[in-house]
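Asker: Following is a predicted model, sequence given first.
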Amino acid sequence: MENPDWYTGSDPSGRVAAGIESVIERMDARTADHGDTELLQKLLSYEEEPNWRGFLQGLVGTIFYDLEEIESARKFLAESVSGYKAYLETFDEVLSVYCQSCYTLGVILFDDGRYDEAIPCFLRCLPYMNEVYDETYIGHIFTFLALSLSWTNQVGYSQVFSEAAAYSRRYDCESMEQLMVAFGDNGEIEKSTDVFNLLQRHCQDYEHYDRVLEYAEQNLGESGIVN
């Protein structure tokens, strides 16, 4: 069995490449299940190249995450992320799965309230995300980083990523609310008020608009009256 051009791993038999193609097809169709995780783990016994091993483990973790088996997902994604070697040429071919593994592991840790551990996962995406994600996805990464940094009392860094999220997700109400709070936490009350005024103009249908008004009244001395 001949290997396709996209596969640069260590298995000359073609089993790993063929298995990856079949599993990804099922993942795209949202029909991947435990049979696929078992196949991928079997393929690990044939694959020796570290980045392609990380690729296989990342697929396993992603399937477990989609199946809502979070502990198994966490285990395989953590092994995947830690095993990659970005300085090898093969990293180019596995980049999209690497970024997805970092992002998904970060979300799992974020949902568990383990913000200190989630931050490095999201940061790992940053150098590469323009290669693999669109602006919406990039905005989500910035938002997760901003919140994680805020909730670990790193307000200066949180402000940086809050601004980036608001830029990437133009007039997204959640992002602007986070930016308003980030400016306020960093003592930049004038900028926080500016963002509040934008929220007044664009986000009165936002599900958390009452929370926005409460923050503005308590921290900015602003009312809910549109200027």
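Answerer: Done, it's in. Numbering: from 1, shown residues only.
Asker: so where is this structure shaky, pLDDT-wise?
Answerer: 1, 223-227 (pLDDT under 70).
Asker: how is it carved up into domains?
Answerer: If you go by automatic domain parsing, the domain ranges for the chain are 1-126, 134-227.
Asker: Adding mean neighbour count as columns, could you present those in TSV?
Answerer: (Each C-beta comes from the backbone N, C-alpha and C, glycine too.) Formatted as TSV, these follow (neighbours: other C-beta atoms under 10 Å):
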stretch	mean neighbour count
domain 1-126	18
domain 134-227	18
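Asker: Break down the protein into its helices, ranges please.
Answerer: 15-28, 34-43, 50-66, 70-83, 91-111, 115-125, 129-132, 135-150, 155-168, 173-185, 189-202, 209-215 (DSSP state H).
Asker: for the longest one, packing partners?
Answerer: Spelled out, it's helix 91-111. helix 50-66, helix 70-83, helix 115-125, helix 129-132, helix 135-150 (3 or more C-beta pairs under 8 Å, 6 or more residues apart in numbering; DSSP states H and E).
Asker: relative to helix 70-83, how tilted is the first one?
Answerer: Spelled out, that is helix 50-66. 160 degrees (axes from the mean of the first three to the mean of the last three C-alpha atoms, to 10 degrees).
Asker: Against residue 188, how distant is the most centrally placed residue in the chain?
Answerer: Centre of the chain computed as the mean C-alpha position; nearest residue by C-alpha atoms, centre = their mean is residue 103, 3.0 Å away. Separation of residue 103 from residue 188 (C-beta to C-beta, to the nearest Å): 29 Å.
Asker: for residue 220, same thing?
Answerer: Following C-beta to C-beta, the distance that separates residue 220 from residue 188 is 11 Å.
Asker: Check residue 123 too.
Answerer: With C-beta to C-beta as the criterion, residue 123 and residue 188 are 24 Å apart.
Asker: before we move on, what about residue 119?
Answerer: 22 Å.
Asker: Spit out the contact partners of residue 54.
Answerer: For residue 54, the contact set (C-beta atoms under 8 Å, 6 or more residues apart in numbering) comprises 80, 81, 83, 84, 94, 97, 98, 101.
Asker: Pretty sure the second one sits against residue 100.
Answerer: Translated: residue 81. No. Using C-beta atoms under 8 Å, residue 81 is not in contact with residue 100; the gap is 10.4 Å.
Asker: Give me the common contacts of these two.
Answerer: residue 58.
Asker: phi, psi of residue 44?
Answerer: phi -60, psi -30 (degrees, to the nearest 10).
Asker: Leaving aside the residues adjacent along the chain, what's closest to it?
Answerer: residue 56 (5.4 Å; C-beta to C-beta, 6 or more residues apart in numbering).
Asker: what residues are up against that neighbour?
Answerer: Per C-beta under 8 Å, 6+ apart, neighbours of residue 56: 16, 20, 40, 41, 43, 44, 47.
Asker: pretty sure the fourth one contacts residue 61?
Answerer: This points to residue 41. No. With contacts counted by C-beta under 8 Å, residue 41 stays clear of residue 61, the gap being 11.2 Å.
Asker: sorry, back to before: can you redo the helices of the chain as CSV with distance to residue 5?
Answerer: Shown next, in CSV, are the helices of the chain (distance: least, C-beta to C-beta, whole Å):
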stretch, distance to residue 5
helix 15-28, 10
helix 34-43, 19
helix 50-66, 14
helix 70-83, 23
helix 91-111, 10
helix 115-125, 26
helix 129-132, 19
helix 135-150, 27
helix 155-168, 33
helix 173-185, 40
helix 189-202, 48
helix 209-215, 52
